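S.K.: Here is my input, please return the structure:
(one chain, ligands or ions: 2)
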Amino acid sequence: MAQYRIVSGSVAVISIQNPPVNALSAAVREGLLLSVRAAASDPLVRSVVISGHNGPFCGGADIKEFGNVSHLESGPHLVEIFESVEALAKPVVAAIEGFALGGGLELALACHYRFGHSEARVGLPEVSLGLLPGAGGSQRLPRLLGVRAALDMIVTGRHVAAGEALKLGLLDRLTDGNTVDAAVRFAQSAEGKPLDDRRLGNRPCPPLENIDAFFEEALIHARGRARGAAAPLACVQAVRGAATLPFLKGMELEKRLMETLMTSGQAQASRYCFFTERGAARWTTPTGARWDTCRARPISTAAVIGLGTMGRGITVALARAGLSVVAVETQEHQLDEAQRAVSRMLKGGGGVSYSADLQAAAGADLVVEAVFEDMAVKEEIFKQLSSVCKPGALLATNTSSLDIDRLASCTLRPEQVLGLHFFAPAHVMRLLEVVSGPRTSPQTVAAAMQLGRRMGKVSVAVGNCPGFVGNRMLKPYLEQAYFLLEEGASPELVDAALEEFGFPMGVFKMSDLSGLDIGWRVRKEEGLTGPGVTADQPMRTRRGRRYSPLGDLMCEEGRYGQKTGRGWYLYDRPGARVARSDPWLRSFLEEYRERHGLLARRIDQQEVLERCLYALINEGFRVLEDGVAASPQNIDAIYVFGYGWPKHRGGPMFYAAQVGLARVLEGLEKYHKAHPDSPHLQPCSLLRRLVASGSPPIHKWSEVVKGHRSQL
Ligand SMILES: CC(C)(COP(=O)(O)OP(=O)(O)OC[C@H]1O[C@@H](n2cnc3c(N)ncnc32)[C@H](O)[C@@H]1OP(=O)(O)O)[C@@H](O)C(=O)NCCC(=O)NCCSC(=O)C[C@@H](O)CCCCCCCCCCCCC(=O)O
Ligand SMILES: NC(=O)c1ccc[n+]([C@@H]2O[C@H](COP(=O)([O-])OP(=O)(O)OC[C@H]3O[C@@H](n4cnc5c(N)ncnc54)[C@H](O)[C@@H]3O)[C@@H](O)[C@H]2O)c1
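M.R.: Residues are numbered from 1 along each chain as shown. Ligands and ions are numbered 1, 2, ... in the order given. Modelled structure (predicted):
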C-alpha cells in the first residue's frame with residue numbers, strides 16, 4: 001500500500017506502507033503506481049516526495065513473492081513504476097530514513113534527488129539472494145557513481161552508511177532532523193527547474209579507460225570470490241552492459257540475466273538461507289516454552305573463564321554487545337597476552353577488566369567457561385562457580401562436544417547451566433549454538449538466545465549430545481575424507497573437490513588451520529588412540545568399525561598443521577598460512593597403504609563429494625531423528641553460518657532435498673555396500689521414511705519426523 005497526501009500546498013508525499021521493512025509487495029507496487037499517476041495528473045502538485053511509512057524507506061522487493069511466479073507477475077512491475085517515476089515532469093525527491101535496500105534503492109535512483117538521514121544506510125544486496133539489482137539498479141547506479149564504485153557495491157552487496165553515500169554522490173543531501181520535512185522543503189525549492197540531467201536513464205556512464213581489460217579483471221576477481229555462485233558474475237556482466245550499451249539495451253540485458261538468476265536453484269537456496277537465518281530466532285521446547293512467550297532475564301555483566309583462543313574472542317564479542325566483562329585466566333603470561341590481544345581487537349579497554357581469581361566472577365549475570373577441552377578441569381570449575389556466583393547467574397560452557405548435563409550436575413543450579421558454543425574466531429563467526437541439557441530452563445534458553453541476538457549472532461537452540469549438531473555431523477565427513485586418503489586420494493584432490501563445491505577451504509586445509517592435535521586429544525579421551533589401546537588391537541578397526549589412524553600418526557610425527565608448519569600440507573614456517581603440497585606426505589601415504597595391504601585406486605571428485613557430503617547429511621537426518629535439532633532449517637543455518645557451507649547451496653539438508661532424497665539414499669546404499677564397516681554410510685531410517693513417503697518438500701519433513709522424542 002502507499003499513502004498519498006498533499007503538503008505545503010504543492011508537494012505530493014507518497015509514503016510506502018508495508019511493515020516491518022516496507023517491502024515492495026504487489027499491493028505496494030499497485031499503490032505506488034496509482035500515487036505517481038495521481039501526482040502527475042494533479043495540476044496543484046508541483047513536486048513529489050517518496051518516503052517510507054514509520055521509519056525505514058524500503059527493504060526492496062518482497063522476497064516472499066519470489067518463490068511464486070504468479071505473485072511476481074501480479075501488480076505492476078517495478079521497472080515500469082520506476083520508469084514512470086523517472087519520467088515525471090515534476091521533481092521527485094526520495095526521503096531516505098533507516099534503509100533503502102535493493103528495489104528500495106532502485107526506487108530512490110529513479111527519483112531525481114535523494115535526501116538521506118545521517119543514520120540511514122543504502123545498498124544493493126541482491127547478490128546475497130543469488131540475484132542482481134533487477135529493476136534498473138545495475139544500469140542507473142553506474143551512471144551515477146561511475147563503474148568502479150557501482151561495481152563494488154553491486155558485487156559485494158554491502159550496505160553503505162549515509163556519510164559514505166554522500167561522498168560517493170549517491171545521496172545529494174543529509175539531514176539529522178526530520179527527513180521528510182527536509183525533503184519537502186527541498187522539493188519545493190526544485191519546483192519548475194529542469195530535470196533532464198537528473199534522470200539517470202538519460203545519462204551516459206562516466207567514461208572508463210581500458211574498459212575491456214577492466215571487466216576481464218573484474219570477472220576474474222569475482223569468479224575467485226564467488227566459489228561457484230552465479231550471481232556475482234551476472235552482476236559484472238550487467239554493469240558491463242551499463243558501461244557499454246545505451247540505457248534501454250542495458251535494461252534488456254539486466255532483464256535477461258535476472259530471469260535466468262531468479263529461476264535458478266542458487267537463488268532458491270540463497271532465499272532459503274535468508275529466511276532460515278531469521279527463523280532460527282523462533283525457538284521452541286517440548287515443554288511448550290517459546291521464543292514469544294518466555295521471558296528472558298536481562299544480562300548486563302559477564303565473566304569469561306580461560307583466555308586462550310576462544311576466551312579472547314568471546315570477551316570481545318560480549319564487550320562489543322555492551323556488556324561489562326571480567327576476564328579470568330590462571331596463567332600469568334596468558335593473562336598479559338590476552339589483555340593485549342583483547343585491547344587490540346576492541347581498540348581500547350572497552351569495559352573489560354582482568355583477574356587471575358575465579359572469585360572475580362561473583363557478580364556476573366552470566367559466566368562463559370572456555371578452558372581446555374578436559375572434562376575433569378571443567379567439572380572442577382563448574383563446582384567452584386556454583387558456590388562463587390550469585391544466585392540467578394547463568395553458567396555456560398563453550399565446550400565443543402562434552403556433556404552439558406554432566407557439568408550441570410556439578411552445580412546446585414542445573415536449570416541455569418547451558419552450552420554457548422561459539423565458533424573460532426568467536427568475535428567474527430556469526431554462529432552460536434545454544435545448547436540446552438535436559439534440565440536447562442526455558443528462561444535460560446531465552447536469555448541466551450536474546451544475548452546471541454545482541455551480539456549479532458545467528459543463534460540456534462540445539463539439544464545435548466556429543467558434538468551437539470555441527471561437530472556431530474562433521475565427524476562422519478572427516479572420517480570419509482580420511483578413508484578416501486587410505487583408498488588412494490590425496491589431500492589436494494579431496495580439498496579441490498570440496499572447494500569447487502563452494503567451501504572456503506577443503507577438509508584437510510581446515511584441519512591444518514584448526515590444528516590436528518585437537519581431534520587427537522578428543523580421540524585419546526574417547527579411548528580410540530593413545531596408551532589405552534593395546535598393541536594386539538588391529539590398527540584400522542575400533543569397536544567393530546573401520547577406523548583410520550592417519551590423523552593420529554600425523555600427530556605422532558609432530559605434524560599439527562599450520563601451528564607447526566607441517567600438517568596435511570607444508571607451510572613456509574610455523575604459523576604461515578599458504579599451503580603447499582608436501583612430497584613427504586605422498587611417500588607417507590604410499591608406505592601406509594603398502595603396510596596395510598591397501599591398493600590405491602583412482603578416485604574422482606564425484607566420489608569425494610558424495611562420500612563426504614552424504615555421510616554428513618545422513619548424520620543430519622539422525623540429528624533430526626534424535627530431536628537434537630528442531631528442524632532441517634536449523635541444521636542448515638548451523639552449517640551455513642558456522643562451517644562455511646556455501647549459501648548458494650542452502651545448507652546440507654536443503655542440498656539433499658535439491659539433489660533428491662532418493663538419490664542421496666541410493667548413493668548411501670551404494671557406498672555402504674562397498675564399505676559395510678563404515679556405519680556412517682548406512683542410510684538412517686528417517687531418510688528411508690522420507691523417501692518412502694514420496695520425498696516431501698523440506699518444510700514438510702517435520703510431519704514425518706513427528707513422534708520422535710525431542711531433546712530440546
Ligand atoms: C531490511 C533489513 C536490513 C532489516 O533488518 P532487521 O534486522 O531490522 O529485520 P529482519 O531482517 O529481522 O527482518 C524483519 C522481517 O522482515 C522480513 N523481510 C526483510 N526484508 C524483506 C523483504 N525484502 N521482503 C520480504 N520480507 C522481508 C524478514 O524476513 C523478517 O520477517 P521474518 O518473518 O522472516 O522474521 C533486513 O531485513 C534485510 O537485509 N532485508 C533484505 C534486504 C534485501 O535483500 N533487499 C533486496 C530484495 S531483492 C530486490 O529488491 C530485487 C530487485 O532488485 C528487483 C526485483 C525485480 C523483480 C523482477 C523479476 C523478474 C524475474 C521474473 C522471473 C520470471 C520467471 C519466469 O518467467 O518463469
Ligand atoms: N579452538 C577452537 O576452534 C574452538 C572452537 C569452539 C569451541 N572450543 C572450545 O573452547 C574451549 C577453549 O578452547 P581454546 O581453543 O580457547 O583453548 P586454549 O587452550 O587456547 O585456551 C584455554 C585457556 O584456558 C586457561 N585455563 C585452563 N584452566 C583454567 C582455569 N582453571 N581457570 C582459568 N583459566 C584456565 C588456559 O590457561 C588457556 O589459556 C574448549 O572447550 C574447546 O573445545 C574451541
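
S.K.: Could you tell me which residues of the stretch 401-550 of the chain lie near ligand 2?
M.R.: 422-424, 514 (CB under 6 Å from any ligand atom). Any C-beta I mention is one placed from the backbone N, CA and C, and that applies to glycine too.

S.K.: change it to 5 Å
M.R.: Within the stretch 401-550 of the chain, the positions adjacent to ligand 2 are Ala424 by CB under 5 Å from any ligand atom.

S.K.: closest point of the stretch 401-550 of the chain to ligand 1, which residue?
M.R.: Residue nearest to ligand 1 within the stretch 401-550 of the chain: Arg453 (9.3 Å; CB to the nearest ligand atom).

S.K.: which SS state does that residue fall under?
M.R.: Counting by DSSP: H, G, I helix; E, B strand; the rest coil, the backbone at Arg453 sits in helix.

S.K.: contacting residues for the closest residue to Ser47 other than its chain neighbours?
M.R.: Nearest non-adjacent residue to Ser47, counting by CB to CB, 6 or more residues apart in numbering: Ala187, 3.8 Å away. Going by CB atoms under 8 Å, 6 or more residues apart in numbering, Ala187 touches 11, 47-49, 91-93, 113.

S.K.: quick one: buried residues of the helix or strand containing Ala187?
M.R.: Here Ala187 sits within helix 179-190, counting by DSSP states H and E. By neighbour count on 16 or more other CB atoms under 10 Å, the buried set for helix 179-190 is 179-180, 182-184, 186-188, 190.

S.K.: Which single one of the residues you listed is nearest to Gly224?
M.R.: Nearest to Gly224 among the buried residues of helix 179-190: Thr179, at 39.4 Å, using CB to CB.

S.K.: got TSV for the contacts of Ala187, with pLDDT and secondary structure too?
M.R.: Below are these laid out as TSV (pLDDT from 0 to 100; DSSP: H, G, I helix; E, B strand; the rest coil):
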residue	pLDDT	secondary structure
Val11	98	strand
Ser47	98	strand
Val48	98	strand
Val49	98	strand
Pro91	98	coil
Val92	98	strand
Val93	98	strand
Tyr113	98	strand
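
S.K.: Buried ones in the host helix or strand of Ala327, by neighbour count?
M.R.: Per DSSP H and E, Ala327 falls inside strand 324-328. Residues of strand 324-328 classed as buried by neighbour count (16+ other CB under 10 Å): 324-328.

S.K.: Spell out which parts of this protein neighbour ligand 1.
M.R.: 20-21, 23, 59-64, 69, 78, 101-103, 125-126, 133-135, 258-259, 262, 278.

S.K.: of those, buried ones?
M.R.: For those, buried by 16+ other CB under 10 Å: 21, 23, 59-63, 78, 101-103, 125-126, 133-135, 258, 262.

S.K.: Can you give me the neighbour number for whichever residue of the stretch 601-712 of the chain sits closest to ligand 1?
M.R.: Among the residues of the stretch 601-712 of the chain, Gln633 lies nearest to ligand 1; the distance is 11.3 Å by CB to the nearest ligand atom. Neighbours of Gln633 under the rule other CB atoms under 10 Å: 25.

S.K.: ok, residues contacting stretch 687-703?
M.R.: Applying CB under 8 Å, 6+ apart, the contact partners of stretch 687-703 are 618, 621, 624, 631-633, 653-654, 657, 660-662, 664-665, 668, 704.
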